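**Q** test case, fold it:
(one chain, ligands or ions: 2)
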Amino acid sequence: ILKALSPQDLTGKKVLVCFGPTHEYFDVARYWSNPSTGLMGACLAIAAWLRGAEVHVVHGPCSFYFPQSIIITSITSAKQMYEAMITKYQAFDIICMAAAVADFSPIPFALSDEKFKRDITGLSVPNIEFTANPDILAKLGTLKTANQKLIGFCAETRDLELHAKEKLVRKNCDLMVANYIGHCDSGFNSSTNDVAVIDKYGRYEKWPVLPKTEVAWRILDWTTHV
Ligand code: CTP
Ligand code: CA
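**A** Ligands and ions are numbered 1, 2, ... in the order given. So this is what the prediction gives:
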């Protein structure tokens, strides 16, 4: 019923949404990650589907029920997310990178199928080293064609506009959505979001705190004019 009531302005468009955290395991029992729930990206996927798009999602560890016609690829690590997105992106008109990709991965200190045992005296703790993960959005920014629209997100604790502008240019996006993290009504683990959007033409808008469903709807409105 909701779909029948929605504008079908994305009919004929293929939309790829990437969301959720990534888990970077350093032994079978432990990983490095972040508090992303994937809700913002899931709202985007549903909104695009309601508006008539053919929707595919690539998501890290999180769980949502999607309409059957949404095609789902589940991954765990940033490296797997990178592989999935690079394999799929070419077929899509709109690509939304809402994932909270772990920027670094701990270098495993145990064989991959073994659990590191702690020192029960508590005197010695492991020293974890990290390697950098690939920047998926920046890579897509170098690969996309003129008729593909690339939507980036950025998570900031301050200076939304400044960081959004810088990341939009650096990652060659058509639209950048910047959201505050560390506020209770925005970002990770919240049903609302406090965002600003900026597009490649320099159009900038700060939105009030809104439900993520509403933010998703407005983002799709903006993609029609970038
Ligand atoms: N992103 C990505 N691959 C990464 C890191 C980030 O594709 N390895 C994407 C995110 O999904 C988001 C955008 O880049 O769409 C901005 O992410 P953000 O974490 O805000 O920026 P970073 O470039 O990682 O910089 P920093 O975390 O230092 O602010
Ligand atoms: Ca980051």
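**Q** give me the contacts around the longest strand anywhere in the chain.
**A** In terms of residue count, the longest strand belonging to the chain (DSSP state E) is strand 149-156. Applying Cβ atoms under 8 Å, 6 or more residues apart in numbering, the external contacts of strand 149-156 come out as 40, 93-98, 100, 137, 140-141, 144, 163-164, 167-168, 171-181, 187-188, 219, 223, 226. In short, each C-beta sits where N, CA and C put it, glycine included.
**Q** and the helices in the chain?
**A** Assigned by DSSP state H, the chain shows helices spanning 2-5, 39-50, 78-88, 136-143, 160-170, 212-223.
**Q** got phi/psi on the residue of the chain most remote from its centre?
**A** The centre of the chain is farthest from one residue, T121, which by Cα atoms, centre = their mean lies 40.8 Å away. When read as degrees, to the nearest 10, the backbone of T121 gives phi -80, psi -20.
**Q** and if you look at D159?
**A** According to degrees, to the nearest 10, D159 has phi 50, psi 50.
**Q** quick one: it and A178, what's the gap?
**A** 9 Å (Cβ to Cβ, to the nearest Å).
**Q** between the helices of the chain, which one is closest to ligand 1.
**A** Across the helices of the chain, ligand 1 has its closest neighbour in helix 136-143 (3.3 Å, Cβ to the nearest ligand atom).
**Q** what packs against that closest one?
**A** On a contact count with 3 or more Cβ pairs under 8 Å, 6 or more residues apart in numbering; DSSP states H and E, helix 136-143 meets helix 78-88, strand 94-97, strand 149-156.
**Q** strand partners (parallel or antiparallel) of the shortest one?
**A** Read that as strand 94-97. Strands that pair with strand 94-97, judged by DSSP bridges, come out as strand 14-19 (parallel), strand 149-156 (parallel).
**Q** close to ligand 1: what parts of this protein are there?
**A** Within the chain, the positions near ligand 1 by Cβ under 6 Å from any ligand atom are 78, 97, 99, 101, 103, 133, 135-137, 152-155, 167.
**Q** run a quick neighbour tally on I70.
**A** Using other Cβ atoms under 10 Å, I70 has 20 neighbouring residues.
**Q** go ahead and confirm it touches V55.
**A** Yes - contact criterion Cβ atoms under 8 Å: I70 and V55 qualify, at 4.8 Å.
**Q** tell me which helix or strand in this structure has the weakest average pLDDT.
**A** helix 2-5 (a mean of 89; mean pLDDT, DSSP states H and E).
**Q** now T142: closest residue in space, sequence neighbours ignored.
**A** Nearest non-adjacent residue to T142, counting by Cβ to Cβ, 6 or more residues apart in numbering: N172, 6.7 Å away.
**Q** F64 too?
**A** For F64, ignoring the flanking residues on the chain, the nearest one in space by Cβ to Cβ, 6+ apart is A42 at 4.6 Å.
**Q** what do you get for P35?
**A** F188 (4.0 Å).
**Q** pretty sure that neighbour contacts L39?
**A** No - with contacts counted by Cβ under 8 Å, F188 stays clear of L39, the gap being 9.3 Å.
**Q** which of those two has more residues huddled nearby?
**A** Using other Cβ under 10 Å, the more surrounded residue of F188 and L39 is L39, with 23 against 16.
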